[in-house]
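**Q** Everything below, folded, please.
(chains A and B)
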2 protein chains.
Amino acid sequence: MPSGRFSSSFSYPDVRVAIDLGNPFLNRTFDGFLKIGTVAVVRVAAEETYHSLCRGSISKNKLEHSLKKMCKEGAYWGTIAAVYIGMEYGVERFRGTRDWKNAMLGGAASGALVSAASNSSRDKVVVNAITGAAIATAAEFLNYLT
Amino acid sequence: MPSGRFSSSFSYPDVRVAIDLGNPFLNRTFDGFLKIGTVAVVRVAAEETYHSLCRGSISKNKLEHSLKKMCKEGAYWGTIAAVYIGMEYGVERFRGTRDWKNAMLGGAASGALVSAASNSSRDKVVVNAITGAAIATAAEFLNYLT
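**A** Have a look, this model is predicted:
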């Protein structure tokens, strides 16, 4: 007896962008900007959607504010990711090896650079460098563990 | 003519802990707790050292405060890492594949769990779940890029 079966699969959108800038370093950095920027945009979008669901209404003003916030956060985190990737690449080239210390040094350098670029005080630059190093090292460790 | 050469290499301390709890899942989780906890402790130690260098003096009270902060932060971040690794492992088992969506789901679950455990409001639990998902996804992406 023939039997019918319905099978369907839900395919997630895959995050893959292929833009060739003609240089592996630029490609990597730009890829990082796009990917981490996208994550930041999605995060803000999800948060704003949740808040507007809680309120139960959407006003034009709020929507504009959300869109602006998405762009700002996306650009901000994308830039930080690009700086970090560039720094880590530089450290890797300089040290000639690949290990967690690259992530640590790259994180420290990007933390310092990003906060120096935003006109922070010297104190804040050092603290951000330490925080950047800690976050990058933690991410690198987690990566081996999971 | 025999020639003598002196060669020395400076070896960094390697972060490697081998404690066997008899179960790969427990081992991984415990390893994550130790590693990320260590990163958090080192971060606080570096920050506090910098601050006390700036002040130019170390008092017994301050030292005690710093040590307490190191323990607290180490335990806090170690626990979050352990929860995240456990969650990601669970998601991986459930889905049967390894990709960035595991990190996203694991991050969301741990963000929600950690903030629910600390008696946060429902709003905060959702926001933390979104933030957790974003951080985990970003770390996963960075990991492929660097």
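
**Q** Find the nearest non-adjacent residue to the spatially most central residue of chain A, please.
**A** Most central residue of chain A, judged by C-alpha distance to the mean C-alpha position with CA atoms, centre = their mean, is residue A:36 at 2.5 Å. Nearest in space to residue A:36, with sequence neighbours left out and distances taken as CB to CB, 6 or more residues apart in numbering or on different chains, is residue A:81 at 3.5 Å. The C-beta positions use only the backbone N, C-alpha and C, and glycine is treated the same way.

**Q** Check residue A:27 too.
**A** residue A:21 (5.4 Å).

**Q** confidence score at residue A:120?
**A** In this prediction, residue A:120 carries a pLDDT score of 77.

**Q** and residue A:75, how many neighbours?
**A** Taking other CB atoms under 10 Å in any protein chain shown as the neighbour definition, residue A:75 ends up with a count of 14.

**Q** Please apply the same query to residue A:67.
**A** Based on other CB under 10 Å, the number of other residues close to residue A:67 is 14.

**Q** and what of the one 10 residues further on?
**A** Under the neighbour criterion other CB under 10 Å, residue A:77 is assigned a count of 21.

**Q** now do residue A:79
**A** For residue A:79, the tally of surrounding residues (other CB under 10 Å) stands at 17.

**Q** What separation is there between it and chain B?
**A** Look at residue A:79 and chain B: by CB to the nearest CB, to the nearest Å, they are 13 Å apart.

**Q** Just to check, that residue is in contact with residue A:32?
**A** No: with contact defined as CB atoms under 8 Å, residue A:79 and residue A:32 do not form a contacting pair (9.8 Å).

**Q** domains of chain A?
**A** If the domains of chain A are taken from automatic domain parsing, they occupy A:18-79, A:99-146, with pieces of a single domain joined by a plus sign.

**Q** Now the residue nearest to residue A:36, what are its backbone angles?
**A** Geometry field for residue A:81 lists phi and psi as phi -60, psi -40, criterion degrees, to the nearest 10.

**Q** Now do the same for it: its pLDDT.
**A** The score at residue A:81 is 91. That number is its pLDDT.

**Q** Next one: it from residue A:33, what distance?
**A** Separation of residue A:81 from residue A:33 (CB to CB, to the nearest Å): 6 Å.

**Q** So for these two, which sits in the more crowded spot?
**A** Neighbours per residue, other CB under 10 Å: of residue A:81 and residue A:33, the larger number sits with residue A:81, 26 against 20.

**Q** Distance check, the more buried one against residue A:123.
**A** The spacing between residue A:81 and residue A:123, counted by CB to CB, is 25 Å.

**Q** Quick check: which element contains residue A:119?
**A** When elements are assigned from DSSP states H and E, residue A:119 belongs to no helix and no strand.

**Q** where in chain A is pLDDT low?
**A** Judged against pLDDT under 70, the low-scoring parts of chain A cover residues A:1-19, A:146.

**Q** try 80 this time
**A** Filtered on pLDDT under 80, chain A yields the residue ranges A:1-24, A:57-58, A:119-120, A:143-146.

**Q** what about the strands in it?
**A** Using DSSP state E, no strands are found in chain A.

**Q** Could you pull out the helices in it for me?
**A** Using DSSP state H, the helices found in chain A span residues A:24-55, A:60-95, A:100-117, A:122-145.

**Q** can the ones you listed go into CSV with extra columns for distance to residue B:55?
**A** Formatted as CSV, the entries for the helices of chain A read as follows, by distance: least, CB to CB, whole Å:
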stretch, distance to residue B:55
helix A:24-55, 36
helix A:60-95, 30
helix A:100-117, 21
helix A:122-145, 11
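
**Q** wait, which of those is closest to residue B:59?
**A** When the helices of chain A are compared for distance to residue B:59 using CB to CB, the nearest one is helix A:122-145, at 19.5 Å.

**Q** roughly how far apart are the nearest residue to residue A:41 once chain neighbours are set aside and residue B:69?
**A** With CB to CB, 6+ apart as the criterion, residue A:41 has its nearest non-adjacent residue at 4.0 Å, and that residue is residue A:74. The gap separating residue A:74 from residue B:69 is 34 Å, by CB to CB.

**Q** Perfect, that will be all.
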